[in-house]
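J.: Starting from these lines, generate the structure:
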Amino acid sequence: MQVTKVSLALMLVVCLTVSACGTDDYSDSKIVIKAAHNGNEQHPFQDGYEKFAEVLAEESGGRVVVEIFPNSQLGSEEEAIEMVKLGVIGSTASAAASLGPFVPEIDVLNFPFIFRDLDHFYRVLDGPIGERLGAGIADDLDMIVLGWWFSGVRNVWNEERPIDVPSDLEGLKIRVIGSAIVVDAFDTLGAQATTMSFGELYSAVQQGVLDGGESDHTDLLVEKFYEVTQYVSLTQHLYLAAPLTFSKKKLEKFPPDIQRAILLAGRKSVEVQRRSMEINNEQSLLALKEIGLVFNEADGDAFRRKIAEGKVYERNADHVGGQVMIDELISQ
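T.: Predicted coordinates:
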């Protein structure tokens with residue numbers, strides 16, 4: 001029988017607790033919680049988890065230690081989600097798009113141009129819609145959403161030309177996040193959208209297989225996409241949410257005081273992570289301008305009209321729970 005990458009990852013990850021492995025009695029044991037994310041050590045996800053670890057250590061009197069595994073060390077986002085679902089590791093933070101195949105309703109967050117600004121984005125995540133999506137994740141994946149992290153505002157970049165209006169995208173092969181809604185939207189705008197693996201994007205653009213992609217400023221800088229592109233168009237088409245999740249199976253095995261500490265640590269990590277992401281994006285933008293990339297302001301109204309004329313929202317409404325969900329989000 002063939003052993004998959006996921007199976008290997010599951011076998012290689014050690015038990016959640018070191019001295020209490022195989023038992024639910026944590027009264028005299030040090031608890032080690034493993035947390036995974038796909039950013040590097042300088043990524044805002046790391047800052048969020050470091051705050052999470054700090055609060056947990058304080059609230060538990062040092063009984064709980066969080067081991068953070070950045071850079072997809074334990075597997076891809078999808079593999080980390082599966083490991084948290086099975087209770088193999090304690091926590092992961094992943095882009096909402098990675099949860100779409102498991103919880104379709106979460107894709108409502110991935111409609112391009114659905115958020116007016118960052119305040120609107122946070123208000124939705126911290127309100128009834130965020131709670132409802134969190135409940136869906138808990139029901140379908142056995143994962144508790146401790147809070148909603150921020151994974152940046154995404155813009156289009158390419159090697160060919162500035163993108164001022166939708167027609168400028170025509171004929172360009174653009175890599176987008178793995179959401180059927182985002183693919184539909186970019187096809188509607190005139191691009192040739194693909195969901196190629198993020199890890200393959202650099203070489204694909206370098207070799208001319210793709211013309212560009214879409215990402216936040218942090219990824220554009222950290223992944224060195226500036227080496228293979230020239231134009232960055234500030235479309236700001238997507239505010240990317242990243243739920244901070246924790247294994248429901250693991251949480252329920254802990255004593256009540258540790259459960260409360262985990263919930264508190266999750267809440268306190270949100271403000272730190274979001275602020276880190278905001279600052280990181282600002283600093284990355286300045287660095288990219290110094291490198292020499294050409295930035296331009298896109299005509300947001302023209303893009304919104306094209307999405308509306310193409311009926312992208314209506315066509316995908318049933319996938320996310322109906323038009324009522326979309327209308328509620330917009331009205332927040």
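
J.: Verify the stated contact: residue 164 with residue 299.
T.: Yes. Using CB atoms under 8 Å, residue 164 is in contact with residue 299, at 5.9 Å. No exception for glycine: its C-beta is placed from N, CA and C like everyone else's.

J.: which of the residues in stretch 305-314 are buried?
T.: Within stretch 305-314, the residues that count as buried by 16 or more other CB atoms under 10 Å are 306, 307, 310, 312, 313.

J.: again, but for stretch 270-290
T.: Using 16+ other CB under 10 Å as the burial criterion, the residues of stretch 270-290 that qualify are 270, 272, 273, 274, 276, 277, 280, 281, 284, 285, 288.

J.: Let me see the contact set for the first one.
T.: Applying CB atoms under 8 Å, 6 or more residues apart in numbering, one finds that residue 270 lies in contact with 48, 147, 148, 149, 244.

J.: Now, the residues you listed that are in helices?
T.: residue 48 (DSSP state H).

J.: And the strands in the chain, which stretches?
T.: Using DSSP state E, the strands of the chain run over residues 31-36, 64-69, 91-93, 143-158, 173-175, 192-194, 212-215, 231-247, 294-297.

J.: Dump these into JSON lines; add mean pLDDT and mean neighbour count as well.
T.: Below are these laid out as JSON lines (pLDDT from 0 to 100; neighbours: other CB atoms under 10 Å):
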{"stretch": "strand 31-36", "mean pLDDT": "97", "mean neighbour count": "24"}
{"stretch": "strand 64-69", "mean pLDDT": "98", "mean neighbour count": "19"}
{"stretch": "strand 91-93", "mean pLDDT": "97", "mean neighbour count": "29"}
{"stretch": "strand 143-158", "mean pLDDT": "97", "mean neighbour count": "25"}
{"stretch": "strand 173-175", "mean pLDDT": "98", "mean neighbour count": "22"}
{"stretch": "strand 192-194", "mean pLDDT": "96", "mean neighbour count": "17"}
{"stretch": "strand 212-215", "mean pLDDT": "97", "mean neighbour count": "27"}
{"stretch": "strand 231-247", "mean pLDDT": "97", "mean neighbour count": "24"}
{"stretch": "strand 294-297", "mean pLDDT": "98", "mean neighbour count": "14"}
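
J.: Quick one, which of these gets closest to residue 330.
T.: strand 231-247 (13.4 Å; CB to CB).

J.: Alright, I will stop here.
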